[in-house]
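Novice: my questions are about this predicted structure, shown below with the sequence.
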Amino acid sequence: MRAVDIIAKKRDGLALTQAEIDFFVQGYARDEIPDYQASAWAMAVFLRGMNEIETTALTLAMAHSGTILDLSSVAPLVLDKHSSGGVGDKTTLVVAPLVASLGLPVGKMSGRGLGFSGGTLDKLESIPGFRANLSTAEFVTQLKNHGIVVSGQTHDLAPADGKLYSLRDVTGTVACLPLIASSIMSKKIAAGAQVIVLDVKVGRGAFMKTESEAVALAELMVKIGHGVGRRVAAVISDMNQPLGNAVGNSLEVIEAIETLKGRGPKDFIEHCLAVASQLLLQAGTTKTENDARAKSSSALDDGCALTKFGEWIAGQGGNRRVVDDYTILPRAKIVEEISAPRDGFIAGINAEEVGLTIVDLGGGRAKKEDAIDPAVGAVFKRKIGDQVKRGEAIFSLHANDRAKFESAKMRLLAAFEIGDTRINPPPLIHRIIK
Ligand code: URA
């Protein structure tokens with residue numbers, strides 16, 4: 001078999017066999033197939049798609065490109081949640097410690113920024129000392145000792161996805177259903193959690209722009225998960241505007257900690273409670289949505305989730321002082337408030353443009369090897385449905401470079417739509433798929 005023939009077959013719109021997919025994935029994972037051929041292949045998949053059989057084969061090939069963790073000796077039931085990618089999505093930073101504080105172990109393999117979407121690992125790495133690249137042995141030890149671990153892909157867990165993920169980030173091949181489904185599910189299968197809740201985003205700041213695309217992605221991932229014996233549910237959640245108020249790595253860490261202190265933005269709290277509730281229901285510790293929600297809320301209200309957050313961060317080498325002292329986080333040199341150009345009501349905030357602007361400010365990567373600037377970002381003070389007056393601050397912008405600041409300011413102002421009549425904010429949760 002030759003990689004070039006497999007690329008050409010997909011380019012011509014034909015379905016690949018399991019043997020061809022295995023050959024390509026294993027070859028890429030072992031560095032026998034170079035990045036330029038993998039890029040061409042990813043673009044062919046992006047343009048031509050994959051059927052369900054191919055996507056399942058791709059998922060399993062990537063999961064089996066490394067070790068499949070068996071966590072049954074660590075805990076009878078390990079939980080995981082995963083987002084399909086959004087803007088301002090710091091849900092893991094709240095939901096993981098929340099659920100872990102209720103005695104349910106959370107073991108999660110996470111990603112970095114992808115396209116216009118932020119990455120949990122990049123956010124966590126703004127905390128001084130935090131180690132996101134644990135070895136598999138360290139992953140298991142942290143889970144055993146603290147009941148919570150969030151780490152990047154090790155060389156032995158789904159390494160093919162690790163490589164392909166960073167390649168897709170910089171080759172315009174992110175927003176593709178089979179590539180997203182296989183990327184997420186290969187990691188989930190490899191990391192060994194038995195209970196998985198998928199947070200599938202829909203809207204302008206998501207890779208799936210329509211509800212039908214998001215539902216198709218969710219249903220496929222749930223099916224793949226069930227096929228390998230995992231308990232899986234998906235929450236289809238709105239991403240037409242940034243989630244919460246903060247976008248940008250250290251700014252999102254601050255917002256997550258504020259949320260754990262009970263002072264988070266309303267939409268973000270609601271979203272976290274919805275995802276946490278599904279985890280409790282899937283784990284079988286609560287029987288009804290109401291109970292699951294009450295339990296999740298109380299973990300936020302009584303401070304247990306915050307305490308668990310500090311324990312988690314310290315366990316992975318991070319400075320626990322971040323909980324009380326945000327000044328230890330990187331802070332941008334230029335921080336200015338930007339005001340509304342006219343009176344009216346916020347009718348839209350183009351979340352994709354917000355994400356792209358933060359990437360260009362330095363908060364994400366344009367090339368695989370780029371370092372990110374954890375300090376930059378924006379904090380929104382008005383969201384869809386809010387009234388604004390001309391001259392009133394609608395967001396603050398954090399940058400380290402004046403020229404980039406000016407360009408980001410213009411782009412973010414243009415991302416706001418201000419109308420004459422009040423519109424209702426979009427629903428936070430569109431659907432739950434079990
Ligand atoms: N999250 C992932 O892990 N992979 C994707 O492709 C998109 C979101």
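Specialist: Right, received. Where do you want to start? Numbering: from 1, shown residues only.
Novice: I'd like the next helix or strand past the host helix or strand of residue 345.
Specialist: Element membership for residue 345, per DSSP states H and E: strand 344-349. Sequence order places helix 351-358 as the next helix or strand after strand 344-349, per DSSP H and E.
Novice: list the contacts of the next helix or strand after that following helix.
Specialist: As assigned by DSSP H and E, the chain's next helix or strand after helix 351-358 is strand 377-380. Strand 377-380 is contacted by residues 242, 245-252, 255, 332, 349, 354, 357-358, 361, 363, 394-398, 408, 412 when judged by Cβ atoms under 8 Å, 6 or more residues apart in numbering. C-betas here are computed from N, CA, C, even on glycine.
Novice: residues touching the one residue in the stretch 301-434 of the chain that gets nearest to the ligand, list them.
Specialist: Proximity of the stretch 301-434 of the chain to the ligand (Cβ to the nearest ligand atom) peaks at residue 355, 12.8 Å away. By Cβ under 8 Å, 6+ apart, the residues touching residue 355 are 87, 115, 116, 117, 118, 205, 247, 364.
Novice: turn these into TSV, including secondary structure, distance to residue 283 and neighbour count.
Specialist: What follows is these, written out as TSV (DSSP: H, G, I helix; E, B strand; the rest coil; distance: Cβ to Cβ, whole Å; neighbours: other Cβ atoms under 10 Å):
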residue	secondary structure	distance to residue 283	neighbour count
87	coil	29	29
115	coil	31	19
116	coil	32	24
117	strand	27	28
118	coil	27	31
205	coil	29	29
247	strand	31	32
364	coil	33	27
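Novice: what's the host helix or strand of residue 161 packed up against?
Specialist: Taking DSSP H and E as the definition, one finds residue 161 inside helix 159-169. Packing partners of helix 159-169 (3 or more Cβ pairs under 8 Å, 6 or more residues apart in numbering; DSSP states H and E): helix 18-29, helix 35-48, helix 52-63, helix 177-191.
Novice: return the distance of the residue in the chain that the ligand sits nearest to relative to residue 22.
Specialist: Residue nearest to the ligand within the chain: residue 183 (3.4 Å; Cβ to the nearest ligand atom). Between residue 183 and residue 22 the computed distance is 17 Å (Cβ to Cβ, to the nearest Å).
Novice: thinking again about what came up before, got the contacts of residue 355 as TSV, with pLDDT and distance to the ligand columns?
Specialist: Converted to TSV, the contacts of residue 355 look like this (pLDDT from 0 to 100; distance: Cβ to the nearest ligand atom, whole Å):
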residue	pLDDT	distance to the ligand
87	97	13
115	80	8
116	85	12
117	86	7
118	84	11
205	95	13
247	98	17
364	92	13
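Novice: returning to what we had before: buried sites along the strand holding residue 345?
Specialist: Buried residues in strand 344-349, counted by 16 or more other Cβ atoms under 10 Å: 344, 345, 346, 348, 349.
Novice: among those residues, which one sits closest to residue 71?
Specialist: Lowest distance from residue 71 to the buried residues of strand 344-349 (Cβ to Cβ) belongs to residue 349, with 39.6 Å.
Novice: confidence score at the closest residue in space to that closest one that isn't next to it in sequence?
Specialist: Nearest residue to residue 349 in three dimensions, chain neighbours excluded: residue 241, at 4.2 Å (Cβ to Cβ, 6 or more residues apart in numbering). Here the pLDDT value assigned to residue 241 is 97.
Novice: who's in contact with residue 241?
Specialist: The contact partners of residue 241, by Cβ under 8 Å, 6+ apart, come to 203, 204, 205, 348, 349, 351, 383, 384, 425, 426.
Novice: distance-wise, check it relative to residue 89.
Specialist: Using Cβ to Cβ, one gets 12 Å for the distance from residue 241 to residue 89.
Novice: you'd agree residue 162 is up against residue 156?
Specialist: No - taking contacts as Cβ atoms under 8 Å, residue 162 lies outside contact range of residue 156: 10.2 Å.
Novice: neighbour count for the two, which is higher?
Specialist: residue 162 (24 against 15; other Cβ atoms under 10 Å).
Novice: which ones are touching the more buried one?
Specialist: Residue 162 neighbours (Cβ under 8 Å, 6+ apart): 152, 153, 155.
Novice: buried residues in stretch 149-162?
Specialist: Neighbour-count burial for stretch 149-162, counted by 16+ other Cβ under 10 Å, picks out 149, 150, 151, 152, 153, 154, 157, 158, 159, 160, 161, 162.
Novice: what do you get for stretch 416-426?
Specialist: Across stretch 416-426, burial judged by 16+ other Cβ under 10 Å covers 416, 418, 426.
Novice: try stretch 348-367
Specialist: 348-365.
Novice: cool, stretch 274-285 as well?
Specialist: For stretch 274-285, burial by neighbour count (16+ other Cβ under 10 Å) applies to 274, 275, 276, 277, 278, 279, 280, 281, 282, 283, 285.
Novice: filter those down to the ones in helices?
Specialist: Within those, residues falling in helices by DSSP state H are 274, 275, 276, 277, 278, 279, 280, 281, 282, 283.
Novice: same list (the residues you listed) but as JSON lines, adding pLDDT and distance to the ligand.
Specialist: Compiled in JSON lines, these are given as follows (pLDDT from 0 to 100; distance: Cβ to the nearest ligand atom, whole Å):
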{"residue": "274", "pLDDT": "97", "distance to the ligand": "19"}
{"residue": "275", "pLDDT": "98", "distance to the ligand": "15"}
{"residue": "276", "pLDDT": "98", "distance to the ligand": "19"}
{"residue": "277", "pLDDT": "98", "distance to the ligand": "22"}
{"residue": "278", "pLDDT": "98", "distance to the ligand": "18"}
{"residue": "279", "pLDDT": "98", "distance to the ligand": "18"}
{"residue": "280", "pLDDT": "98", "distance to the ligand": "23"}
{"residue": "281", "pLDDT": "97", "distance to the ligand": "23"}
{"residue": "282", "pLDDT": "97", "distance to the ligand": "19"}
{"residue": "283", "pLDDT": "97", "distance to the ligand": "22"}
